[in-house]
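Asks: need coordinates for the following:
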Amino acid sequence: MVRKKWSLWLEDVETLPNQAAEEIRDAHSARKTLSAVHSALKGNNQELLRTALRAGNLTISPCTQRTMSKFYSTLLECKRKKEMKYSCPWVVYQSPRNVVAYLNIETDKCVWKKPKQFQLGSVYLSMKDIKNVISYIKAACDNKVAEQTIVRLQALIRGYLIRKRVSERRKLFQNSLSHIITIQEDKIVKVQAFWRGYKARQAFLSIFKQPQPPLSIVKHFAPLLEFCADDYQRDLQLQNLKSEVVQAIRRNQELSKHLDAMDLKIGLLVRNRVTLQDVVAHGTTLNDLVKSSSITDPHQSRGLKSLTKESRKLLDDYQHLFYLLQTNPCYLSKLIFCLPPSGSNKFLQTVILSLFNFGANCREEYLLLKLFRSALHEEIRNNYEKLSDVMMANPLVLKLVVSFSRQFAGANSLRTILGPLVDYILTNKALVIDTNPVDIYKCWRSELEMKTGKTSDLPYSVNTDEALKYEEVCKRLASSLDSLKMCTIMFLERITQSLPAIPYGMVYMAKVLKMALSQKFPKAQEKDLLKVVGNLIYYQYINSAIVAPDVYDIINTPPNFTLSALQRRNLASIAKILQFAAAKKGFGDECQHLMCLNNFIVECHERFKRFFKQCCDVEELEEHFNVHEFSEATLISRPVIFITLQEICDTHKLLLEYQDHIAPDPMDPLSELLEDLGSDPSLATLLGKHPEDPALRQLAKAEACLTLVNKYEDPGEDDTDINKLFIKAKELLVAILPCLHGCNLVEALNSSDTPAQQRLFEELQARRSQQPKPTQEMSVSLGTCKEHLKEHLRRLELEGMVSHRDGYQNLVTAVAQNICNKGRYRDSRRKEMETLKAAKLGLEHKAAFYQDQVNYYNIYIKKCLENLHTGKSSVHTPKRPGNKQVKSKLTLKYTAARLHEKGVLLEVEGLPPSQLKNVLFEITPADINGIFTVKGKFMGVEMEKVDIDIQNLLQLQFEGVTIMDMFGKAKVNVNLLIFLLNKKFYGKS
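Replies: Residues are numbered from 1 along each chain as shown. All right, here's what the predicted structure looks like:
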């Protein structure tokens, strides 16, 4: 009979109670085991835990104390995790027959129907958890035993292999003993080579560190120079070029002095021509001239521009003084801070800018920035004790730098940088930036009233906190802040990308400011220094142009145009955030609604900081303006300044007043110039007027044109030959240095030569002879080279360049420097040669210009001499066969008595007054313009003859010489002789 699955048979009825009883026993047994386990864990009793596991037929293998401790700690950790994660007291138990029972550990209940309070996940350990832990511990133990077995096996194998290799190596050593000895020798050689290399490196470093390296070390590294004749030839070329430049400067100085003398001659001839016309016009006689000269005002014909020796000296002294002030910034930089604040501001704004022509050209801008650099260092060094004071006080020099950069050097820079963005802000009618909640509230309330036509129920007056309670206010504030961020980013990007557009003087002074601050405050961090730099670049230079673009000519505005309140508020809000970003300043509790901008400000500050750092990384003045030591000498035209007479007088007085602070050394050039000028500068002296003349005040503002001249212009000594000799001595020393032996050069040169040294020298000579440019002064004998070197050293010692007392250490040190700085020296020499070639070319252009001027002046002087006469024809006619009779008619004949009566002749040495009637003077115009022949006759017999040049007479008059010798015996009045010649020869019609 076939049984069906759903059929219930009698045997099933008989076995089911037994199965149910077994399930109940299993469930209760599991509950007891779990309860005992939890009690053991709670009581920290491992022995109880062992008993509970044994009662529940749960065993751990191997059951050691260590394994039990591990099992206990693992169960405890599992229980702790369950307690932290779950809270249900029911535990699910699945019997071997897959019957699920629910065990309550707390109430000791067992049910087979899911309780209502049941939740997935129990706070107590289940049988499954315990079995999993047992399996984990057993697997770990099995793995450890297996691992130990494997490790032991590996150790045995490695031991066997090592013993085998040792045995094989012992056999190899025994069979290869001779080879081993050879290998050890090679190793020893390598160690020795390493040691020698170490010592060589130490010796090479000593060349760098020791100011006077010994001859032995220099000799050791002499082969590094690999004697190259081309290097020494280039050194000689450099010295020749220097010599040519110095000689060209001296030639130009002579030409300049010659031009000045010719210029003076022209002035004297022109003045003589004017005086002659006055004589002709008024019919002045010699007696009238004598009388008028005796009553002339002592202040007449004087002054800065009058053509007298005293006036010319005064003008030259002032030109020398202002040249020194212009080119040497230390004087003015000290004077600025000796003055009271009001006086220094006026002095800076007037005299200094006039002295430098407001930086009109590259030379004057370079000198002005050089003054600013020196003055800023002086101000930072003496006036500030804390870094914060620099930002608070706003240094005086930086004010002038900003003003100069805005007005002169970079008049259009701010317009280029800010113009497009400012124009965008002004023309954007929809842009509203208002960060004041109270103002936003009032504007919103007014709009509501205008829209509805009724009085709003909203309160009229509110504070910031009350205004922020309204959603509309918060909404409008958020929109304004978004617009503010957007516009700030636009300006920030524009500014940080416009470094080339900022005037060089501005960024260079930022570099100088950072340098001066780092020297004054060496412990200050770079970020703090960059904040001060940012205060200069952004706040002082850029910020005002954003706030008031109409004032600083940033935008094109029609007449009578004014910015609206909204436009100014928008620009001011942007400028404020940029200012906070530059200084890394945020909003505090007083503006809590704006504290959300602080992170944005920090981000902007980081970009600003990188920009300020770039501003400080600019080239130096000399490199930017291409200035070198011969720049002044290559100027074709002398520098000229326009300065009022009152400014000249005030500057002179200030220099005298503060001379002890500016130039305390009596040997200082400024002290010498002030001594030449005297101690009483006044407008009357400069103008050549009487001190009580009422016109002095009006003439004080008259401008004077000063052509600045360097009184101390000196190209230096032409020591080219000595430098060439030093180079040749160095060349010889390098050539024979490997062959020398001795503690110093004196001992090495005086020692006798050995055959080995001579052979080494011959080998070196053979090697050098293969070079394309063989060296000069090289002999086949080492001894001959030594003698040549000794002779060079003796001549150098006479010039003070070397001394035998220290073993000619200067020459040895020069060779050591060549070894250390070979590459850098070549680069420096190349740059110096380029500079000298450019200077030489400039000097040649200047010499050509001077020569053209000389030729032009010669022609002009010739014309002046030809035009001295006021008549229709010249008295100076060339020699021709028929003009001898004409010459005799032009000859003036005066007795000495008559000339003495006129005052022209004062006396004749050795001749009493009664005999003057027997002396006759004949004055005849020569063939050359301006030359006269004077013959002296006694009793009709010609005794003396001399040619006089009217230019020389005028020069004597200019120098204040009133009496001159003629024939070595006669004393003549210069002024009256000139008058006589003008009257009789040039005044005829």
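Asks: can you tell me how far Gln212 is from Lys454?
Replies: Separation of Gln212 from Lys454 (Cβ to Cβ, to the nearest Å) stands at 99 Å. Backbone N, C-alpha and C define where each C-beta goes, glycine included.
Asks: who's more crowded, these two?
Replies: Here Gln212 and Lys454 are compared on neighbour count by other Cβ atoms under 10 Å; more neighbours surround Gln212, at 11 against 8.
Asks: wait, that one touches Gln809, no?
Replies: Yes - at 5.2 Å, Gln212 counts as touching Gln809 under the criterion of Cβ atoms under 8 Å.
Asks: how near is Ser498 to Leu513?
Replies: Separation of Ser498 from Leu513 (Cβ to Cβ): 20 Å.
Asks: neighbour count winner among the two?
Replies: A count of neighbours by other Cβ under 10 Å puts Leu513 above the other of Ser498 and Leu513, at 27 against 16.
Asks: Ser126 and Leu34 touch, don't they?
Replies: Yes - the criterion here is Cβ under 8 Å, and Ser126 meets it with Leu34 at 7.2 Å.
Asks: now do the shared contacts for those two.
Replies: Common neighbours of Ser126 and Leu34 are listed as Val91 (criterion: Cβ atoms under 8 Å, 6 or more residues apart in numbering).
Asks: compare the two (neighbour count), which wins?
Replies: When neighbours are counted by other Cβ under 10 Å, Leu34 comes out ahead of the other of Ser126 and Leu34, with 23 against 18.
Asks: check contacts around the residue lying closest to the more buried one once chain neighbours are set aside.
Replies: With Cβ to Cβ, 6 or more residues apart in numbering as the criterion, Leu34 has its nearest non-adjacent residue at 5.8 Å, and that residue is Ile105. Listed by Cβ under 8 Å, 6+ apart, the contact partners of Ile105 are Arg31, Leu34, Ser35, His38, Pro89, Val91, Tyr124.
Asks: all helices for the stretch 301-450 of the chain, in order.
Replies: Using DSSP state H, counting those that start in this stretch, the helices of the stretch 301-450 of the chain run over residues 309-327, 329-336, 341-347, 353-355, 362-383, 387-393, 396-404, 413-427, 437-452.
Asks: Phe938: which of those is closest?
Replies: Ranking these by their distance to Phe938 (criterion: Cβ to Cβ) puts helix 309-327 first, at 36.0 Å.
Asks: the closest one to helix 329-336, inter-axis angle?
Replies: Here helix 309-327 points in a direction 90 degrees away from that of helix 329-336 (axes from the mean of the first three to the mean of the last three Cα atoms, to 10 degrees).
Asks: ok, and what's touching helix 309-327?
Replies: Outside of helix 309-327, the residues within contact range by Cβ under 8 Å, 6+ apart are 264, 302-305, 331-332, 355-356, 364, 367, 632, 639, 641, 643, 648, 651-652, 655, 669-670, 673-674, 676-677, 685-686, 688, 706-712, 958-960.
Asks: circling back to that earlier point, mean pLDDT lowest for which of the helices of the stretch 301-450 of the chain?
Replies: With a mean of 67, helix 341-347 has the lowest mean pLDDT of those.
Asks: what residue lies at the spatial centre of this structure?
Replies: Centroid-nearest residue in the chain: Glu620, 4.2 Å away (criterion: Cα atoms, centre = their mean).
Asks: and it, how close does it get to Arg373?
Replies: Here Glu620 is placed at a distance of 10 Å from Arg373 (Cβ to Cβ).
Asks: out of the helices of the stretch 301-450 of the chain, flag the one nearest Leu980.
Replies: helix 309-327 (22.4 Å).
Asks: now that closest one: how far from the chain's centre is it?
Replies: Going by Cα atoms, centre = their mean, to the nearest Å, the spacing between the C-alpha centre of helix 309-327 and its chain's C-alpha centre is 32 Å.
Asks: let me know the angle separating it from helix 362-383.
Replies: Calculated by the same axes, to 10 degrees, helix 309-327 forms an angle of 70 degrees with helix 362-383.
Asks: turn the helices of the stretch 301-450 of the chain into TSV, including mean neighbour count and distance to Glu606.
Replies: Compiled in TSV, the helices of the stretch 301-450 of the chain are given as follows (neighbours: other Cβ atoms under 10 Å; distance: least, Cβ to Cβ, whole Å):
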stretch	mean neighbour count	distance to Glu606
helix 309-327	19	42
helix 329-336	21	36
helix 341-347	13	37
helix 353-355	19	38
helix 362-383	20	27
helix 387-393	15	20
helix 396-404	21	24
helix 413-427	18	21
helix 437-452	15	29
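Asks: closest one to Phe580 among those helices?
Replies: Between Phe580 and the helices of the stretch 301-450 of the chain, the shortest gap by Cβ to Cβ is with helix 387-393, which sits at 13.9 Å.
Asks: what lies in contact with that closest one?
Replies: By Cβ under 8 Å, 6+ apart, the list of residues contacting helix 387-393 from outside reads Ile380, Asn383, Tyr384, Leu517, Phe521, Ala524, Asp528, Leu529, Lys531, Val532, Asn535.
Asks: so which of the residues you listed are in helices?
Replies: Ile380, Asn383, Leu517, Asp528, Leu529, Lys531, Val532 (DSSP state H).
Asks: circling back to that earlier point, and which of the contacts of helix 387-393 is nearest Leu571?
Replies: Asn535 (19.7 Å).
Asks: now the nearest residue to Val100 once chain neighbours are set aside. Its backbone dihedrals?
Replies: Spatial nearest neighbour of Val100, excluding adjacent residues (Cβ to Cβ, 6+ apart): Gln94 at 5.4 Å. Recorded main-chain torsions at Gln94 are phi -120, psi 120, according to degrees, to the nearest 10.
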